[in-house]
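Asker: any chance you can model this:
(chains A, B, C and D)
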2 protein chains.
Amino acid sequence: MSEQKAALATRPEILLIEDDPQIRKFLRVMLMAEDYRFYEATAGVEGLAQAATRNPDLVLLDLGLPDRDGVELIRDIRKWSQMPIVVISARGLERDKIEALDAGADDYVTKPFTPGEVSARIRAALRRAAVLDKNEPSEIVNFGNITMNLAARKVSVGGADVHLTPNEYKLLLVLLRHSGKVLTQRQLLKEVWGPEHVEDREYLRVFMSQLRHKLEADPAHPKYLMTEPGIGYRLLTEP
Amino acid sequence: MSEQKAALATRPEILLIEDDPQIRKFLRVMLMAEDYRFYEATAGVEGLAQAATRNPDLVLLDLGLPDRDGVELIRDIRKWSQMPIVVISARGLERDKIEALDAGADDYVTKPFTPGEVSARIRAALRRAAVLDKNEPSEIVNFGNITMNLAARKVSVGGADVHLTPNEYKLLLVLLRHSGKVLTQRQLLKEVWGPEHVEDREYLRVFMSQLRHKLEADPAHPKYLMTEPGIGYRLLTEP
DNA sequence: CCAAACCTTTACGTCATCTTTACACGATTC
DNA sequence: GAATCGTGTAAAGATGACGTAAAGGTTTGG
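Answerer: Numbers count the residues shown, from 1 in each chain, chains lettered A, B, ... in the order given. Take a look at the predicted model:
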């Protein structure tokens, strides 16, 4: 996919954004041991500039920067790039973690951490990015008696065409792209309605209900569109 | 991998922090017999300095130091490193054990102990650390006939899907992330229910019971979800 | 400019999960 | 052995989440 370099074929390039000299040194040793190419930034603005100009394969970002909010920086990068961002943070608070991940970070490591742990996360993020770049979703998907023609944007149940509204279709598509996986309500809301509506959980209730009535034989006892109470929803494409 | 030494491939390096000359000698003999490389510190400050500069594979720490800050020392190390810390304690009081484990110790041995016992704990801790460093947070974990698919947030026993409620899953996940290690009740409560519920130990009883009934073949005689009376719980992923 | 389609919002019955309590049991202490 | 403590289990009650229908609002297209 486009600007992404062949992250795993050659030596991946990593941008390290970290202000604390000691931790920077620690991470530098780790990156060298793993044979990555990398360059460093010690502040947010500099980091953003480097990310934009040098287009690294991955960004390793410490949230506790002095000059600007790390989460803000993630959002800035996400405006124009999907490059993997692995976050390092002193604080392990759930709130911070969720904020960073919602902003678009790929993974989150809290101090204290081992070099092995950080490098494992980096490898995993690079691998995911490489897979994403290769995978094109197939044009026609079947599950049960439901057929989705992605190219034509058409859905049918047992051969009969079913009309889905734009948001209904979008929601189903997001679920399909991650079929089998639980998607949190926030993830779904962000994908379908945009980041400004991640709190509006009623939307999901209403639209999941509508989808079930259009797709499921017995909407009250769904076979495909499953609820994960307290978490979110998942699409089962095989019994 | 990284600066972490290949703890099991070569001879692991151990830092021994112990003030009592007699016990020091005893442990020294044990370490030599087991063919570890090691160096010694006789006080807390010295121990911390050595841990920082020489980066051992494991710290063997006597809590009864003269500067009397063993637990404090554990906390200091944990600020920047996950290196395994095995604690030796003269007093077998539960309070002391819990305090040390809460501070981040990996295991504890109480006097009187045999050389075999101590070296077994050391071996176990080193093995866990090696596994942690190698394993990228893998998406699928197996132990016994239990399978956890972390990406999909799915658990199955002997191939059959098992439904876990949000808190049940969270609890199991925390145990898994530290599998083999004793986790104190406070640690578990803090991770799953938040810091404001570290005293509500009934939650753990109820939820551990529920988990066992869903995962164990014989809930009354668990093979994986083990109780550590007076301390907490631990998840065994290997017999 | 109207009508249709769609989205947003509200209300309410139902259900899953969490919380709390009570009690049985084994281990430990006195 | 009696009393105490920590634990395991079941079950009741409280809480909050979910599913659904239906009533405005807004956008779109003719």
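Asker: drop to CA atoms for contacts and neighbour counts, all remaining ones
Answerer: OK.
Asker: name the next helix or strand following the host helix or strand of residue A:38 along the chain.
Answerer: Assigned by DSSP states H and E, residue A:38 belongs to strand A:37-41. Downstream of strand A:37-41, the next assigned helix or strand under DSSP H and E is helix A:44-54.
Asker: alongside DNA strand C, which residues does chain A contribute?
Answerer: Proximity of chain A to DNA strand C (CA under 7 Å from any atom of the strand) is limited to residues A:164-168, A:193, A:200, A:202-203, A:206, A:228-230.
Asker: inside strands: which ones of those residues?
Answerer: residue A:228 (DSSP state E).
Asker: among the residues of chain A next to DNA strand C, which lie within helices?
Answerer: Among the residues of chain A next to DNA strand C, the ones falling in helices (DSSP state H) are A:166-168, A:193, A:202-203, A:206.
Asker: and the residues you listed as CSV, adding neighbour count?
Answerer: Putting these into CSV (neighbours: other CA atoms under 10 Å in any protein chain shown) gives the following:
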residue, neighbour count
A:166, 10
A:167, 12
A:168, 18
A:193, 17
A:202, 9
A:203, 15
A:206, 11
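Asker: tell me which of those residues is nearest to residue A:87?
Answerer: Comparing those against residue A:87 with CA to CA places residue A:193 closest, at 25.6 Å.
Asker: ranking helices and strands of chain A by mean pLDDT, which lands last?
Answerer: For chain A, counting by mean pLDDT, DSSP states H and E, helix A:94-103 ranks last in confidence among helices and strands (a mean of 74).
Asker: what are the ranges of the helices in chain A?
Answerer: For chain A, the helices defined by DSSP H cover A:21-33, A:44-54, A:70-78, A:94-103, A:115-134, A:166-177, A:185-193, A:201-215.
Asker: name the residues that touch the fourth one?
Answerer: So that's helix A:94-103. With contact meaning CA atoms under 8 Å, 6 or more residues apart in numbering or on different chains, helix A:94-103 is reached by A:71-72, A:74-75, A:78, A:87, A:107-108, A:187.
Asker: one more time with 6 Å, if that's ok
Answerer: A:71, A:75 (CA atoms under 6 Å, 6 or more residues apart in numbering or on different chains).
Asker: and that helix, how far out from the chain's middle?
Answerer: Counting by CA atoms, centre = their mean, to the nearest Å, helix A:94-103 is centred 12 Å from the centre of its parent chain.
Asker: could you tell me the angle between it and helix B:185-193?
Answerer: Going by axes from the mean of the first three to the mean of the last three CA atoms, to 10 degrees, helix A:94-103 is angled at 40 degrees with respect to helix B:185-193.
Asker: measure how helix A:94-103 sits relative to helix A:70-78, angle-wise.
Answerer: Using the same axes, to 10 degrees: helix A:94-103 against helix A:70-78 is 10 degrees.
Asker: ditto for the second one
Answerer: Between helix A:44-54 and helix A:70-78, the angle formed by their directions is 20 degrees, by the same axes, to 10 degrees.
Asker: how about the first one?
Answerer: Regarding helix A:21-33 and helix A:70-78, their directions subtend 40 degrees when assessed with the same axes, to 10 degrees.
Asker: so the residue nearest to the spatial centre of chain A versus DNA strand C, what's the distance?
Answerer: With distances taken as CA atoms, centre = their mean, chain A has residue A:106 as the residue nearest its mean C-alpha position (5.9 Å). Per CA to the nearest atom of the strand, to the nearest Å, residue A:106 is found 26 Å from DNA strand C.
Asker: report pLDDT for whichever residue of chain A sits closest to DNA strand C.
Answerer: As assessed by CA to the nearest atom of the strand, DNA strand C sits closest to residue A:167 within chain A, at 3.9 Å. We have a pLDDT of 96 for residue A:167.
Asker: near DNA strand D, which residues of chain A show up?
Answerer: Residues of chain A lying close to DNA strand D (CA under 7 Å from any atom of the strand) are A:201-202, A:205-210, A:212-213, A:219-220, A:226-232.
Asker: make it 6 Å
Answerer: Counting by CA under 6 Å from any atom of the strand, chain A comes close to DNA strand D at A:205-206, A:209, A:219-220, A:227, A:229-232.
Asker: list buried residues within the residues you listed.
Answerer: Neighbour-count burial (16 or more other CA atoms under 10 Å in any protein chain shown) applied to the residues of chain A next to DNA strand D gives A:219, A:227, A:232.
Asker: is it true that residue A:42 touches residue A:21?
Answerer: No: look at residue A:42 against residue A:21 with CA atoms under 6 Å: they stay out of range, at 8.7 Å.
Asker: neighbour count for these two, which is higher?
Answerer: Using other CA atoms under 10 Å in any protein chain shown as the criterion, residue A:42 and residue A:21 rank with residue A:42 on top: 18 against 10.
Asker: sorry, back to before: weakest of the helices of chain A in terms of mean pLDDT?
Answerer: Among these, helix A:94-103 scores lowest, with a mean of 74.
Asker: residues of it that come out buried?
Answerer: Buried positions in helix A:94-103, judged by neighbour count with 16+ other CA under 10 Å: A:97, A:100-103.
Asker: can you put those residues in a markdown table and add distance to residue B:129?
Answerer: Output for the buried residues of helix A:94-103, formatted as a markdown table (distance: CA to CA, whole Å):
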| residue | distance to residue B:129 |
| --- | --- |
| A:97 | 24 |
| A:100 | 28 |
| A:101 | 27 |
| A:102 | 31 |
| A:103 | 32 |
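Asker: identify the farthest-apart pair in the residues you listed.
Answerer: The distance between the two most remote of those (CA to CA) is 9.9 Å, for A:97 and A:103.
Asker: so how many other residues sit close to residue A:88?
Answerer: Residue A:88 is flanked by 23 other residues according to other CA under 10 Å.
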